[in-house]
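Enquirer: structure for the following, please:
(one chain, ligands or ions: 1)
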Amino acid sequence: MAERRDDRSYSFDPVYRHLLRARELSQNDDVPRDLKAEINRAIELCQPSPALDHLIKETFAYPWEDAHKEGRVSYYATPRMLTGNVEAQLIKLITSGGKANMVLEIGLYTGCSSLAMAEALPKDGKVVSLEIDKGIADVARSFLNRSPVGNKIEIMIGPALNSLEILAEKQMKFDVIFIDADKTGYVQYYRTIFEKDLLASEGTIIVDNVLKDGDPYSGEEYESNSGAISEFNEMVLRDKNVHKVMIPVRDGVYLIRRMEDTEKA
Ligand SMILES: C[S@@+](CC[C@H](N)C(=O)[O-])C[C@H]1O[C@@H](n2cnc3c(N)ncnc32)[C@H](O)[C@@H]1O
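Expert: Numbering: from 1, shown residues only. Below you'll find the predicted structure:
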């Protein structure tokens with residue numbers, strides 16, 4: 001039977017999407033019980049929280065084109081920008097691993113990764129998420145308010161570089177920093193994080209889209225965002241002060257820590 005095309009939620013998590021469909025198709029009594037159990041076990045391996053599941057579905061259902069036409073958001077904010085479930089689970093796991101309390105996200109959109117990271121924080125933990133577009137931030141706030149941990153997420157509206165300056169003036173430090181805004185800003189965000197001492201001791205930087213559809217490594221011509229990512233990747237590669245690993249989840253994720261926090265011997 002052909003895959004249904006009506007619900008685009010989990011487009012970026014094809015394995016999870018196919019498993020959900022398999023569960024749906026296996027509901028009738030003819031299907032052996034142990035097969036149903038196996039499908040459910042596989043789903044549990046990558047299942048989002050109910051709140052995250054809801055937020056992902058709401059993001060896909062939201063009328064973004066109308067919102068743009070009516071001037072409520074400044075551009076067509078396609079759900080393609082969403083981090084997606086599996087990557088959000090990875091980011092959540094990293095956040096939960098290091099006794100993190102303060103998290104910074106550069107690039108909020110509808111709050112998928114903010115929510116996943118907030119779920120991993122203790123009660124007094126906080127996510128500060130930066131978003132340039134007030135309309136998008138309003139949509140995110142309305143989604144996040146419906147989750148049990150939405151109160152841990154503070155949204156700062158404005159260009160990320162300005163917000164970083166404000167956070168640095170307040171001498172704030174973050175245990176996890178997730179960079180996921182405009183790709184042409186990545187180099188400057190990275191430099192600012194270290195120059196302004198925004199990364200806490202033992203902190204981790206996570207950077208999204210570092211594979212940029214494979215462009216930086218294809219040897220072919222590419223558009224400006226891919227060029228910006230190439231420049232960023234090269235800068236991180238040459239940075240002797242950090243330990244880093246690039247992992248091929250979704251569009252590529254860089255994990256970066258200070259060398260002194262990884263080389264303990
Ligand atoms: C790829 S989306 C972020 C996805 C999000 N991290 C998630 O978990 O789904 C990038 C977001 O960064 C915002 N953005 C773009 N340029 C920005 C800037 N200069 N300052 C702050 N936010 C910016 C965009 O409006 C968009 O909402």
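
Enquirer: surely Glu105 and Met117 touch.
Expert: Yes - in this structure Glu105 lies within contact range of Met117 using CB atoms under 8 Å: 7.1 Å. Placement of C-beta: from N, CA and C, glycine included.

Enquirer: any shared contact partners between those two?
Expert: Common neighbours of Glu105 and Met117 (criterion: CB atoms under 8 Å, 6 or more residues apart in numbering): Val127, Phe178.

Enquirer: neighbouring contacts of the helix or strand harbouring Lys57?
Expert: Element membership for Lys57, per DSSP states H and E: helix 50-61. Contact with helix 50-61 is made by 7-11, 47-48, 79, 82, 84-85, 88, 109-112, 115-116, 119, 143-144, 146-149, as judged by CB under 8 Å, 6+ apart.

Enquirer: now with 6 Å, please.
Expert: Arg8, Ser9, Pro79, Leu82, Thr110, Leu115, Ala116, Phe143, Ser147 (CB atoms under 6 Å, 6 or more residues apart in numbering).

Enquirer: can you mark which positions in that helix are buried?
Expert: Ala51, Leu52, Leu55, Ile56, Glu58, Thr59 (16 or more other CB atoms under 10 Å).

Enquirer: let me know the pLDDT of the fourth one.
Expert: Yep, that's Ile56 we're talking about. Predicted confidence (pLDDT) for Ile56: 96.

Enquirer: quick one: distance of the helix holding Lys57 to the chain centre.
Expert: What separates the centre of helix 50-61 from the centre of its chain is 14 Å, taken as CA atoms, centre = their mean, to the nearest Å.

Enquirer: likewise stretch 255-265?
Expert: 23 Å.

Enquirer: pLDDT of it, averaged?
Expert: Averaged across stretch 255-265, pLDDT comes to 91.

Enquirer: export that stretch as PDB, just CAs?
Expert: Extracted in PDB, the C-alpha atoms of stretch 255-265 (Å, rounded to 0.1, in the frame of the first residue of the first chain):
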ATOM      1  CA  LEU A 255      29.400  18.800  18.700                       C
ATOM      2  CA  ILE A 256      32.100  21.100  20.100                       C
ATOM      3  CA  ARG A 257      33.700  21.400  23.500                       C
ATOM      4  CA  ARG A 258      36.800  23.200  24.800                       C
ATOM      5  CA  MET A 259      39.900  21.000  24.500                       C
ATOM      6  CA  GLU A 260      40.600  21.300  28.200                       C
ATOM      7  CA  ASP A 261      37.200  19.800  29.000                       C
ATOM      8  CA  THR A 262      37.700  16.700  26.800                       C
ATOM      9  CA  GLU A 263      41.500  15.900  27.100                       C
ATOM     10  CA  LYS A 264      41.700  15.200  30.900                       C
ATOM     11  CA  ALA A 265      45.000  13.200  30.900                       C
END
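
Enquirer: picking that back up, which one of the buried residues of helix 50-61 is nearest to the ligand?
Expert: Ranked by distance to the ligand (CB to the nearest ligand atom), the buried residues of helix 50-61 are led by Thr59 at 7.6 Å.

Enquirer: and stretch 142-157, anywhere near the ligand?
Expert: No - using CB under 6 Å from any ligand atom, stretch 142-157 stays clear of the ligand, coming no nearer than 8.5 Å.

Enquirer: setting the sequence-adjacent residues aside, check what's closest to Val149.
Expert: Ala118 (4.3 Å; CB to CB, 6 or more residues apart in numbering).

Enquirer: now do the same contact list for the one you found.
Expert: Shown in contact with Ala118 (CB under 6 Å, 6+ apart): Val127, Val149, Lys152, Ile153.

Enquirer: measure Arg33 to the ligand for me?
Expert: 37 Å (CB to the nearest ligand atom, to the nearest Å).

Enquirer: burial of that residue, as a residue count?
Expert: Other residues within reach of Arg33, judged by other CB atoms under 10 Å, total 9.

Enquirer: in the helix or strand containing Leu35, what counts as buried?
Expert: Assigned by DSSP H and E, Leu35 falls within helix 33-45. By neighbour count with 16+ other CB under 10 Å, helix 33-45 contains the buried residues Ile39, Ala42.
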